[in-house]
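Colleague: Make a model of this:
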Amino acid sequence: MFPDIIEKVPVRDYGIDGLSVHVDHTSTGTVYFVSAEKEVPFPEHAHAEQWTVVVSGECRVTMNGETKTYRKGDTYRLPANVPHQITLLAGYSEVDYVDDPND
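Modeller: Numbering: from 1, shown residues only. Predicted coordinates:
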C-alpha cells in the first residue's frame, strides 16, 4: 500500500493480525504509516492530538457519540485526550502525525 521507501521506517508490532504499522519519531511528534489487510477494530482510547490523511480504503471513527466514515483523500483530526474508537476496513492505509515524540 505504501512505496518501498516506507519499508525503511521501523515497524511496531501491535500483535494484531493483518495490521502493519511503521513508526518514526521526530523531536516534536510521531509519524505512523498504517495499513490493514483486513478489518481491524481498535477499542476506545485517547492520546495526544492526531492528524490523519487517508491514503486508501476507508475507516470509521466514533467520537463524542458520532460515527463518521473517511475515505481516500480525506483528512481528520482527533483532539488531544478525547476518547475515540476507530475501525479500519480491509485495504485501508493512512499516514498519521501524533503530537507526542514519545507516542
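Colleague: could you show me where the strands are in this protein, in order?
Modeller: Along the chain, counting by DSSP state E, strands occupy 19-25, 30-36, 40-45, 50-56, 58-63, 66-71, 75-78, 84-88, 92-98.
Colleague: Paired strands for the fifth one, with orientation please.
Modeller: Yep, that's strand 58-63 we're talking about. strand 66-71 (antiparallel), strand 84-88 (antiparallel) (DSSP bridges).
Colleague: Show me which residues of the first one are buried.
Modeller: Of the residues in strand 66-71, Tyr70 count as buried by neighbour count, 16 or more other C-beta atoms under 10 Å. C-beta here means a position set from N, CA and C on the backbone, and glycine is covered the same way.
Colleague: for stretch 15-25, same thing?
Modeller: Buried residues in stretch 15-25, counting neighbours by 16+ other C-beta under 10 Å, are found at 19-23.
Colleague: what's the answer for stretch 71-80, then?
Modeller: The neighbour-count check on stretch 71-80 (16+ other C-beta under 10 Å) flags 76, 78 as buried.
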